[in-house]
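A.B. asks: Okay, structure incoming, though there's no sequence with it:
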């Protein structure tokens, strides 16, 4: 069979997928670009060409800058915590102890819990009047009176980060655990014979096996965290006083609450660009790490 | 195997207990809330275990009496099933030929990376035209429209998983059949697809879970019982003026049940999927 026919056949087999992708991703993306240069409304007016006005307005506004800082803070803190807790949990789960299999199975639960259910659950836990957190802290004598964890700008974002970490660190733990199990036993045994301490053992013997999978987890988690919408919408809707308004929430408000499709589209593309920059930078890191090992 | 000191062993067990408590406490609390009476949930100090087990909310939510809270909940449950089911079937249907082609034809594999790259696009980048497009087609607030939109997530995802599945089936089996005179459709139908059945099942379950979990598009594109999915129904409950927190918790338990069961049963497949980096967090 000739090579051209095989290539042609491959494209024919991909045709249904490509058609779907163009219809639900390609066209909407191109149309978002077009809209971002207009003053179109979500319903009704088609809009006229306004050049880069939307971009200038969005980038220059304090809303964008504040949402950018909130998003970055959310992503950096939650992903860092998830990585650290995940690796610690994986190191623990890699030890020999009774009940280890059951504990590993439990780690699936937070991952499997739908994001919206997780957000709802934590919203109930943080409830200012009857929430379990207030009750537990008061009964332990750690606080004197009930607090509104999600209602105060000072604590709302931190409360969200805790809820997000609880759901996502087990995923990192499972990825790290699978990598740890690939470390050959004789290598760790040899390093013990050579007298390596726990820290050196982790740094020089175990880390090379962990680095690759962890880097991939870091990339995926960071991109997800940067796009965060669901958990914040359900728990705080970006409040109080916009203290948890991330970029995705801001786009939602601009395009759908205020129905400004044009400026909403420009904001969405700015977010897309930021995520792309992140992804490309990470891809370079992953390739470098893969080349080094 | 290294010998462990007694102190280390105690430390390991203490840490394991702590981890188990951290994981279990919120989930158990969700369940306890769902079986506590409203009075138990609104006393101070809080009752950590109900005086009497109250299962009435499960009966309420699963009843189908017209215009009740149950009717709204079961409608959203069925909508979620329909949307996730249709989107999964459609995604698998377009992904199988494409994934096979990419797996067997190395000079078109770059197109797969283009497909996967779309996976990191934030949904907000597509939402406005999708909204206008669905409105134009009269598919807003429709399970078909939402399932169509879910292909933005499920199609690239299942193609990626299926491609790695086909990669693990040796090409040689197919070439041998071809030499014996089998046509391509016969090879796929009789040899490759049966061998790929486990991967296809895993991909379908993953895709179903992703669709079951989806919230952003469902929030934007559905507005009433005709199409609202479970995630939107629950967020409505949580954000509305429902005074019975136990009812919200019960809805949460019911919505979490299918993915949690799938997760526990499919642990091994899940973990290998996670480690190949193909699973959304």
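C.D. replies: Arrived safely. Just so we're clear, the structure is a prediction, and the values are computed from it rather than from any experiment. Numbering: from 1, shown residues only, chains lettered A, B, ... in the order given.
A.B. asks: can we go C-alpha only for contacts and neighbour counts from here?
C.D. replies: Noted.
A.B. asks: Sketch out the low-pLDDT regions of the chain for me.
C.D. replies: All of this refers to chain A. A:1-2, A:290-293 (pLDDT under 70).
A.B. asks: oops, chain B please
C.D. replies: For chain B, the ranges with pLDDT under 70 are B:1-4, B:271-281.
A.B. asks: Which parts of it belong to which domain?
C.D. replies: As recorded under automatic domain parsing, the domains making up chain B are B:1-54, B:72-275.
A.B. asks: Format these as CSV; extra columns: distance to chain A and mean neighbour count.
C.D. replies: Listed next are these as CSV, based on distance: least, Cα to the nearest Cα, whole Å; neighbours: other Cα atoms under 10 Å in any protein chain shown:
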stretch, distance to chain A, mean neighbour count
domain B:1-54, 6, 15
domain B:72-275, 4, 20
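A.B. asks: Can I get those in JSON lines including distance to residue A:269?
C.D. replies: Output for the domains of chain B, formatted as JSON lines (distance: least, Cα to Cα, whole Å):
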{"stretch": "domain B:1-54", "distance to residue A:269": "37"}
{"stretch": "domain B:72-275", "distance to residue A:269": "6"}
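A.B. asks: Nearest to residue A:119, out of those?
C.D. replies: Among these, domain B:72-275 comes nearest to residue A:119, with 8.8 Å by Cα to Cα.
A.B. asks: Please determine how far the residue of chain A found nearest chain B is located from residue B:101.
C.D. replies: Nearest residue of chain A to chain B, counting by Cα to the nearest Cα: residue A:14, 4.2 Å away. To residue B:101, residue A:14 is 7 Å away according to Cα to Cα, to the nearest Å.
A.B. asks: The residue nearest the centre of chain B - nearest residue in space that isn't next to it in sequence?
C.D. replies: Nearest to the geometric centre of chain B sits residue B:209, at 1.3 Å (Cα atoms, centre = their mean). Once flanking residues are discounted, residue B:209 sits nearest to residue B:259: 6.3 Å by Cα to Cα, 6 or more residues apart in numbering or on different chains.
A.B. asks: would the one you found count as being in a strand?
C.D. replies: No. Read with DSSP: H, G, I helix; E, B strand; the rest coil, residue B:259 is helix and lies in no strand.
A.B. asks: Helices along chain B, start to end?
C.D. replies: B:6-35, B:38-41, B:56-62, B:69-104, B:110-117, B:124-137, B:143-167, B:171-179, B:184-187, B:193-213, B:216-221, B:230-239, B:245-265, B:267-275 (DSSP state H).
A.B. asks: do the same with the stretch 51-200 of chain A
C.D. replies: For the stretch 51-200 of chain A, the helices defined by DSSP state H, counting those that start in this stretch occupy A:53-60, A:62-93, A:100-106, A:108-112, A:115-125, A:132-139, A:153-180, A:185-193, A:198-200.
A.B. asks: residues contacting residue A:261?
C.D. replies: Residues near residue A:261 by Cα atoms under 8 Å, 6 or more residues apart in numbering or on different chains: A:35-36, A:39-42, A:254-255, B:128.
A.B. asks: Go through those residues and say which is closest to residue A:114.
C.D. replies: Comparing the contacts of residue A:261 against residue A:114 with Cα to Cα places residue B:128 closest, at 24.9 Å.
A.B. asks: Against residue B:140, how distant is that closest one?
C.D. replies: Look at residue B:128 and residue B:140: by Cα to Cα, they are 12 Å apart.
A.B. asks: Could you do residue A:278 as well?
C.D. replies: As judged by Cα to Cα, residue A:278 and residue B:140 stand 33 Å apart.
A.B. asks: which residues does residue 104 contact?
C.D. replies: Went with chain A since none was named. Contact analysis of residue A:104 by Cα under 8 Å, 6+ apart lists residue A:93.
A.B. asks: sorry, should have said chain B
C.D. replies: Residue B:104 sits next to B:167, B:171 when contact means Cα under 8 Å, 6+ apart.
A.B. asks: any chance you could read off phi and psi for residue B:36?
C.D. replies: Note on residue B:36: backbone dihedrals following degrees, to the nearest 10 are phi -90, psi 150.
A.B. asks: you'd agree it is up against residue B:56?
C.D. replies: No. Counting by Cα atoms under 8 Å, residue B:36 does not reach residue B:56; the two are 9.7 Å apart.
A.B. asks: burial of the nearest residue to residue A:145 once chain neighbours are set aside, as a residue count?
C.D. replies: Nearest non-adjacent residue to residue A:145, counting by Cα to Cα, 6+ apart: residue A:138, 6.9 Å away. When neighbours are counted by other Cα atoms under 10 Å in any protein chain shown, residue A:138 registers 15.
A.B. asks: Equivalent analysis for residue A:12, please.
C.D. replies: So residue A:12, with other Cα under 10 Å, has 15 neighbours.
A.B. asks: check which helix or strand covers it.
C.D. replies: helix A:3-21 (DSSP states H and E).
A.B. asks: which of the residues in that helix are buried?
C.D. replies: If you call a residue buried by 16 or more other Cα atoms under 10 Å in any protein chain shown, then helix A:3-21 has these buried ones: A:7, A:10-11, A:13-14, A:16-18, A:20-21.
A.B. asks: packing partners for that helix?
C.D. replies: Taking 3 or more Cα pairs under 8 Å, 6 or more residues apart in numbering or on different chains; DSSP states H and E as contact, the helices and strands that helix A:3-21 lies on are helix B:69-104, helix B:143-167.
A.B. asks: How about residues contacting that helix?
C.D. replies: Contact with helix A:3-21 is made by B:94-95, B:97-99, B:101-102, B:105, B:107-108, B:115, B:151-152, B:155, as judged by Cα under 8 Å, 6+ apart.
A.B. asks: repeat that with 10 Å
C.D. replies: Applying Cα atoms under 10 Å, 6 or more residues apart in numbering or on different chains, the external contacts of helix A:3-21 come out as A:22-23, A:25-27, B:90-109, B:111-112, B:115, B:118, B:148, B:151-153, B:155-156, B:159.
A.B. asks: Now do the shared contacts for residue A:14 and residue B:101.
C.D. replies: B:95, B:108.
A.B. asks: residues in contact with residue B:159?
C.D. replies: Shown in contact with residue B:159 (Cα under 10 Å, 6+ apart): A:17, B:91-100, B:102, B:112, B:115-116, B:165, B:203.
A.B. asks: meant to ask about residue A:196
C.D. replies: By Cα under 10 Å, 6+ apart, the neighbours of residue A:196 are A:188, A:190, A:202, A:204-205.
A.B. asks: pretty sure residue A:242 is in a strand, no?
C.D. replies: No. Residue A:242: not assigned to a strand; according to three-state DSSP it is coil.
A.B. asks: Please verify my assumption that it contacts residue A:71.
C.D. replies: No. Contact criterion Cα atoms under 10 Å: residue A:242 and residue A:71 do not qualify, at 12.0 Å.
A.B. asks: overlap in contacts of the two?
C.D. replies: Joint contacts of residue A:242 and residue A:71 (Cα under 10 Å, 6+ apart) are residue A:249.
A.B. asks: Excluding chain neighbours, what is closest to residue 139?
C.D. replies: I went with chain A, as the question did not name one. That would be residue B:45: by Cα to Cα, 6+ apart, it lies 7.7 Å from residue A:139.
A.B. asks: Can you look at chain B instead?
C.D. replies: residue B:145 (4.9 Å).
A.B. asks: how much space is there between that neighbour and residue B:138?
C.D. replies: Distance, residue B:145 to residue B:138, by Cα to Cα: 9 Å.
A.B. asks: phi, psi of residue A:38?
C.D. replies: Dihedral pair for residue A:38: phi -120, psi 170, per degrees, to the nearest 10.
A.B. asks: so it bridges to which residues?
C.D. replies: When bridges are called by DSSP bridges, residue A:38 pairs up with residue A:49.
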